[in-house]
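1. Below: sequence and its predicted model.
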Amino acid sequence: MSIADKGEVGKSLYAAQVMAGLGVPVFRCKLNSQGNPVGATGWHQSRAGDDSFKAIGSWREGDGLAAVMGQVFDVIDVDPRNGGTESWPLLLDAVADNPPEIFAIAATPSRGYHFYIRNQGVRKGKLFPGIDFQAGDAQGKGRGFVFIGPTLRPSKYEEDAGKLRPYTWLMPPDPQSTPWVLSQRAWDFAREDQDGSNGGRRSPEEHMRAVLAAGKGEQRDALCGLVQEYEWRGLSREEIRALMRDFLPSVRNFEKADPWLPSHGNPDRHINTLFHRGRVKADATAEEMAGIKDAQPKFADDEREEAFWKSRPVLEHIYAWARARRASPWATFGEVLAEVACHTPPSLQLPPAVGGEGSLNLLIASVGRSGAGKGAAAKAARAAFKWTGILGSIGNHVDRVPIGSGEGLVKTFGFIKPAVKEKGIITEPSCLVRTRISAIITIAEIDTFTAIRDRSGSTISPELRKLYSGEMLGFQWSDPTKQVIIPEHGYRSCVIAGVQPRRGEAILNDIDGGFAQRWLFVPAEDRNMPDERPPEPECIWEWEPPDLVASLAHSDGPYIMKVFQGAINAIDRAHVATHRGESDDIETHRLYTQLKVAAGIALLDDSDSIRESDWELAGFVMAISDRTRKSVSSNLAQKQHDANIAAGKAEGVRREIAETTANRQSNTRIARNVLRHLDGKGIRSATYILDRIAYRDRKVLPDVLRDLIGIGKIEKSRIVYQNQKGIGYRRI
């Protein structure tokens, strides 16, 4: 049967036939409107061979075609909707020492990926959030299946939800890729070409002619092809060696000093190097194949990222500098957002979408492992821009202040000058002295913040929540010299924290207090970092506040940024849903953070108004933030899982020691009892001893007797009692 003339559908059906030929059970089923199988209750009993080929041959448009895992292949199923993108680095770390070889890759309708690896003999399960393992054990238990092309199912990805999309082979299964399964049907279909002839594979004779015609530097590849053809046909290595010994003398030797046969030392040394080692073993070595690390999927967001960075010259500038300084573009963007916000006066405010006017203040978490370059992003941002402040209000350089206590945070912006007294009379009352209008608060490592937060009576988390909203900072004290109160919207500040993926509890565990929802998360690691460092851009971006913004520094009242109405409507709808109990307040905080990001993007573009395009770009930034936050959550969940396992192991060891100790004490007691009954009584039968041992101790009596013999306390001998042969024991 030749089906190649049916275009993409034909290619998918051909790949399905290859799968069936390799021994993979394939079944056909009807699909409902949601794309779920109907009437396929016996799929786990699907058989390879003719049944699978019949299922493929009877497929019609609208049907589902699925492959059962656990017999030839297992599938790593990556679903970006449920955190698969965030969990991908965790999977790479988990398999770094022994990566599986990938034999096929398919894209799913919902923008996910299926990675086909050799079956591992285990049941299906969940590897990480958003990453499932479709598999099955040797007994056919715990099996899973995956749909394959040309199946069409509705996408569940947000951007094209409901749209019918196919399962598409990015790397289709190769009939030659899995020689541990030697199926004649796979061989038959592999030989079919587009017109139905047998030209899909070359015969050994054709491979031999190719070897004889090969020039210098081409022979090895041709010889490998011949040896792999023999492997595919099921010949043993010794059989292949015999054939190659007969053939190689006719092959021209370009290296006279080192012929193909016999080679120096082991005559078959060159033949042995031709075997296709990487594909006849369950796992590939690092030299044979980089494995899953080389199969890094291009997630759907990658294309949107590229469009984001190219959308405006200033964003392209940030991206270019980050690349040149080997920093994460997103972490660099977060640093730039903080700088641009802190170079504007606090009188520049957001409209009162919920309650009063809003602040541009931001909380930014730069997420990356130790050594990922969180500090490099800050340096790249400072090198890429020349900032201009506001005369008499905000300097060209905004101070960066390390985090301290809640009380110390307030004193970043001012202190109380004590009253001046002369002869007991106050001549100059105490007053608030402002030291700064604007500051960037830095948390180099989140562990520092955790230690401060966990101090008795710490107020740092509530103060940072207030800072985010631009609320009044400070506390009421009986001592007026300590009573530093910074008024509402009387300061501008952003917080930048370095967060390691497994150290994010200080932020994410504070959901009830609303702390976690206020943070913008940016990745400090760049999974698409190029191998070669790009050249450093020649220009530095000179930024100064828009004219209207600069004039606000010395005005009496606030200036409310004009905002695209759709943004206000979205925030309002989320707030109403929260009040009605239809959602929690996470979405409201998220959208308000999006508005702050949109304000920063607008200001970078020399605009004092938030436009629709600013809001849309900020929406993608929030998608990156969500993805990064989920990666931290996944790491924390894995950390807790590892801790539970460690605790379980520790408990198991404790119990094992306790049981061993108890058993030792019990055996000692039984041994004393045995010795007491044998003392001075000559040889006694095993039955005699057994009758005098408590019933609960009898199951360990053989072990006790063996130990007593071993340490020389008793001896064993054969006896005859009442014409019956038996075993007797005597105390030495």
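-> Nice, thanks for sending it over.

2. Could you measure from the residue most central in space within the chain over to Ile76?
-> Among the residues of the chain, the one closest to the centroid is Ser87, at 2.1 Å (CA atoms, centre = their mean). For Ser87, the distance to Ile76 equals 11 Å [CB to CB, to the nearest Å]. For every residue, glycine as well, the C-beta is placed using N, CA and C.

3. what residues are shared contacts of these two?
-> Counting by CB atoms under 8 Å, 6 or more residues apart in numbering, the contacts common to Ser87 and Ile76 are 127, 131.

4. circling back: my guess is the residue nearest to the centre of the chain meets Ser631, correct?
-> Yes: between Ser87 and Ser631 there is a contact under CB atoms under 8 Å: 7.4 Å.

5. Check the contact lists of those two and give me the overlap.
-> The contact sets of Ser87 and Ser631 do not overlap (CB under 8 Å, 6+ apart).

6. all strands of the stretch 551-700 of the chain, in order?
-> Counting by DSSP state E, counting those that start in this stretch, the stretch 551-700 of the chain has these strands, from start to end: 559-560, 562-563, 609-610, 684-685.

7. highest average neighbour count across the ones you listed?
-> When you average the neighbours per residue for each of these (mean count of other CB atoms under 10 Å), strand 609-610 leads with a mean of 20.

8. Run me through the strand neighbours of that strand, direction for each.
-> Within its sheet, strand 609-610 is paired with strand 562-563 (parallel), according to DSSP bridges.

9. Other residues contacting the partner strand?
-> 350-351, 595, 598, 608-610.

10. how distant is it from the center of its chain?
-> In terms of CA atoms, centre = their mean, to the nearest Å, the centre of strand 562-563 is set 38 Å apart from its chain centre.

11. Lys163: what's its closest spatial neighbour, skipping adjacent residues?
-> The shortest distance from Lys163 to any non-neighbouring residue, by CB to CB, 6 or more residues apart in numbering, is to Ser155 (5.1 Å).

12. How much space separates the one you found from Thr108?
-> Ser155 sits 9 Å away from Thr108, going by CB to CB.

13. residue ranges for the helices of the stretch 501-650 of the chain, please.
-> Under the criterion DSSP state H, counting those that start in this stretch, helices of the stretch 501-650 of the chain are mapped to 505-508, 547-551, 565-579, 586-604, 612-678.

14. For the shortest one, which helices and strands make contact with it?
-> Counting contacts by 3 or more CB pairs under 8 Å, 6 or more residues apart in numbering; DSSP states H and E, the secondary-structure elements packed against helix 505-508 are helix 446-453, helix 612-678.

15. how does it look with 6 Å?
-> Helices and strands touching helix 505-508, as assessed by 3 or more CB pairs under 6 Å, 6 or more residues apart in numbering; DSSP states H and E, comprise helix 446-453.

16. any chance of the strands of the stretch 551-700 of the chain in a markdown table, plus mean pLDDT and distance to Asp547?
-> Listed next are the strands of the stretch 551-700 of the chain as a markdown table, based on pLDDT from 0 to 100; distance: least, CB to CB, whole Å:
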| stretch | mean pLDDT | distance to Asp547 |
| --- | --- | --- |
| strand 559-560 | 86 | 12 |
| strand 562-563 | 90 | 15 |
| strand 609-610 | 90 | 13 |
| strand 684-685 | 84 | 111 |
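
17. Point out the one among those that comes closest to Ala138.
-> strand 684-685 (48.2 Å; CB to CB).

18. So what's the gap between that closest one and the chain middle?
-> Chain-centre distance of strand 684-685: 68 Å, with CA atoms, centre = their mean.

19. what residues are up against Ala40?
-> By CB atoms under 6 Å, 6 or more residues apart in numbering, the contact list for Ala40 reads Cys29.

20. how near is it to Ser58?
-> Distance, Ala40 to Ser58, by CB to CB: 14 Å.

21. ok, now Glu532?
-> 52 Å.

22. low pLDDT regions in the stretch 351-500 of the chain?
-> Along the stretch 351-500 of the chain, the parts satisfying pLDDT under 70 run over 371-373, 391-392, 406, 456-457, 476-481.

23. For it, just list every one of the strands.
-> With DSSP E, counting those that start in this stretch as the criterion, the stretch 351-500 of the chain has strands spanning 362-367, 385-387, 400-402, 414-417, 420-422, 425-428, 431-434, 438-443, 473-474, 485-486, 492-499.

24. so can I have TSV of these showing mean neighbour count?
-> What follows is the strands of the stretch 351-500 of the chain, written out as TSV (neighbours: other CB atoms under 10 Å):
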stretch	mean neighbour count
strand 362-367	26
strand 385-387	18
strand 400-402	14
strand 414-417	17
strand 420-422	10
strand 425-428	9
strand 431-434	12
strand 438-443	22
strand 473-474	23
strand 485-486	20
strand 492-499	26
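
25. Adding distance to Glu255, write these out as TSV.
-> Shown next, in TSV, are these (distance: least, CB to CB, whole Å):
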stretch	distance to Glu255
strand 362-367	54
strand 385-387	60
strand 400-402	64
strand 414-417	82
strand 420-422	96
strand 425-428	97
strand 431-434	82
strand 438-443	63
strand 473-474	79
strand 485-486	81
strand 492-499	57
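
26. between those, which gets nearest to Asp63?
-> The stretch from those with the least distance to Asp63 (CB to CB) is strand 362-367; that distance is 43.8 Å.
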